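Enquirer: would you be able to build a 3D model of this:
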Amino acid sequence: DRSGPSEADCLICHLKGYQWKERAAALRGRFFREGPTVGAGWAKLKLSQDEPESPRADEIAIDYTLKETADSEKLHEQIVRRPSDENCWTCHAISDGKKRGRQWSPDTDIHKAKDLSCISCHPSDREHNFAKGDTLQETVRDDLDNTMHSCEDCHYKGRDKKAPRYKHAFSPRHMRRITCQTCHVPYQTALADLVYDHASTGKTIVYDTSKYLSNQPLDSKGLIPGLDPNIWYPIVREFKGKIVPVKPLIVIYWGDLDEKTNVARPISLWKIRDLKKPPLKDDNNDGLPEINSIEEIKNFLMALKGKDKFGNRVANQPVLVKGGFLYRLDKKGEVEKVKHEQAQTLDYSLSHNVVSGANVLGARGCRDCHSKNSPFFLRKALMDPYDEKGKPVYVEAWERLGITKEKLTRLLMEQ
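Expert: Numbers count the residues shown, from 1 in each chain. Next comes the predicted model:
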């Protein structure tokens, strides 16, 4: 039986004290109909002890006497007209934290420090369509893209009378070519997922930003004393004609290539786990074996042409998707390495954790970016966590932007 998707109920946004953990336990236990009632607090749960970190409800008893009542025939809840940030954050914190390192506190975002709430920028209409901006990866309700006020709307065009007007001078060319976020989201202070390795073991190995990035934008292994060691710097790229800050995600996996469409369909992880896998070395000495050498890749690709436990071929045209390239066997049975769109980084837009004042890129003048040791153009971007020798592969920001060396020389001249 299929329940259909579990939709958000009214109280998820409009109830003060919604019981998220209990609702999640009900859904894990497949009590889909009871989920909203559990979230409202009108139920008792008997939890399974199998997975303490992700409890599952084994039994649910609905009990409407657990909360206040208005009178003998009416229930009473603390309904709020304007959803609190906490209610928004309960859904968005984990996913946006992992993807972007997003935080929402007075210490990390000037808008929160000035008492703005989530719905200050993301109001909804009568149909509960929330205003949104635009982003590179997600494709939910693209028809609502750019329905919220932009930075320019509030701080330049005066649509929000309470928003302060900019006080600094800037080149009109910068406004045409660079988004406000590029300078006003110059760094992040919370760890975020950077690499998902689905290929080496058949289980997902996650490396966060602290593994391959540092608080020194020009040196991924160096640390600036006295500065938060969790700080990392976004990568910049072109998006719709402007330079935007992003957090890249590198995904490594085995796939089955369709020669007609040139699409590599990911191979299920259980098939990788069940496979009689060739041995892998730990070339970077981090305690975990990784798939990186040509010999390891070749042996794995050959093994993937075998059959799974049901007698079906694991892959007709096995490939490894990794670090910007697709690895496959040529007609002679040797590994060939070709650039492939699916192997590029997944870049997530950054638009929160906005800073002001001295922390903004450019607050100290043009030399923040236009200097021989520019932390903007020369900052390091991870492309592959381990090359054929187990070493990480980096490029610099100017390379990702498609800037020529000749143009870079001009950009690095002190302005």
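
Enquirer: residue contacts, residue 305?
Expert: Residue 305 makes contacts with 313-315, 318, as judged by C-beta atoms under 8 Å, 6 or more residues apart in numbering. All C-beta atoms are positioned from the backbone trio N, CA, C, and that covers glycine.

Enquirer: part of a helix, is it?
Expert: No - counting by DSSP: H, G, I helix; E, B strand; the rest coil, residue 305 falls outside a helix, being coil.

Enquirer: quick check: pLDDT value at the residue nearest to residue 23 when sequence neighbours are not counted.
Expert: Counting by C-beta to C-beta, 6 or more residues apart in numbering, residue 23 lies nearest to residue 39, which is 3.7 Å off, once chain neighbours are set aside. We note a pLDDT of 94 for residue 39 in this prediction.

Enquirer: checking my notes, residue 39 in a helix, right?
Expert: Yes - counting by three-state DSSP, residue 39 is located in a helix.

Enquirer: how about the helices in this protein?
Expert: Listed in chain order, the helices of the chain (DSSP state H) span residues 10-14, 20-28, 35-40, 85-100, 110-113, 118-121, 151-155, 172-177, 180-184, 209-212, 269-274, 294-303, 397-400, 405-411.

Enquirer: from the middle of its chain, how far away would the last one be?
Expert: To tie it back to what came earlier, the one meant is helix 405-411. Offset of helix 405-411 from its chain centre (C-alpha atoms, centre = their mean, to the nearest Å): 31 Å.

Enquirer: just the CA atoms of it, as CSV, please.
Expert: Provided in CSV are the C-alpha atoms of helix 405-411 (Å, rounded to 0.1, in the frame of the first residue of the first chain):
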residue,chain,number,x,y,z
LYS,A,405,45.9,34.2,-17.4
GLU,A,406,46.3,37.5,-19.2
LYS,A,407,43.1,38.9,-17.8
LEU,A,408,44.0,37.6,-14.3
THR,A,409,47.3,39.5,-14.4
ARG,A,410,45.3,42.7,-15.0
LEU,A,411,42.8,41.9,-12.3
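
Enquirer: show me what counts as buried in that helix.
Expert: 408, 411 (16 or more other C-beta atoms under 10 Å).

Enquirer: pLDDT on it, on average?
Expert: 95.

Enquirer: same check on the first one?
Expert: Taken as a whole, helix 10-14 has an average pLDDT of 92.

Enquirer: offset the numbering so it begins at 28, please.
Expert: Done: numbering now begins at 28, and the last item shifts to helix 37-41.

Enquirer: dump the residue contacts of the most centrally placed residue in the chain.
Expert: Nearest to the mean C-alpha position of the chain, counting by C-alpha atoms, centre = their mean, stands residue 126 at 1.6 Å. The contact partners of residue 126, taken as C-beta under 8 Å, 6+ apart, are 219-220, 274, 276, 375.

Enquirer: number of residues surrounding the residue nearest to residue 219 when sequence neighbours are not counted?
Expert: Spatial nearest neighbour of residue 219, chain neighbours left out: residue 128 (3.5 Å); criterion: C-beta to C-beta, 6+ apart. Other residues within reach of residue 128 by the criterion other C-beta atoms under 10 Å amount to 27.

Enquirer: kindly report the same for residue 33.
Expert: Residue 33: 12 surrounding residues under other C-beta under 10 Å.

Enquirer: show me where the stretch 28-177 of the chain has its strands.
Expert: Here the stretch 28-177 of the chain has its strands, by DSSP state E, counting those that start in this stretch, at 70-74, 84-89, 96-98, 101-102.

Enquirer: which of these sits closest to residue 240?
Expert: For those, the distance to residue 240 is smallest for strand 70-74, at 38.7 Å, taking C-beta to C-beta.

Enquirer: how about that closest one: buried residues?
Expert: Quick answer for strand 70-74 (16+ other C-beta under 10 Å): 70, 72, 74.

Enquirer: only alpha carbons, please: show that strand as PDB.
Expert: Below are the C-alpha coordinates for strand 70-74, written out as PDB (Å, rounded to 0.1, in the frame of the first residue of the first chain):
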ATOM      1  CA  ALA A  70      -1.200  11.300  21.200                       C
ATOM      2  CA  LYS A  71       0.800   8.900  23.300                       C
ATOM      3  CA  LEU A  72       3.600   6.900  21.600                       C
ATOM      4  CA  LYS A  73       5.200   3.600  22.300                       C
ATOM      5  CA  LEU A  74       8.700   3.800  20.700                       C
END
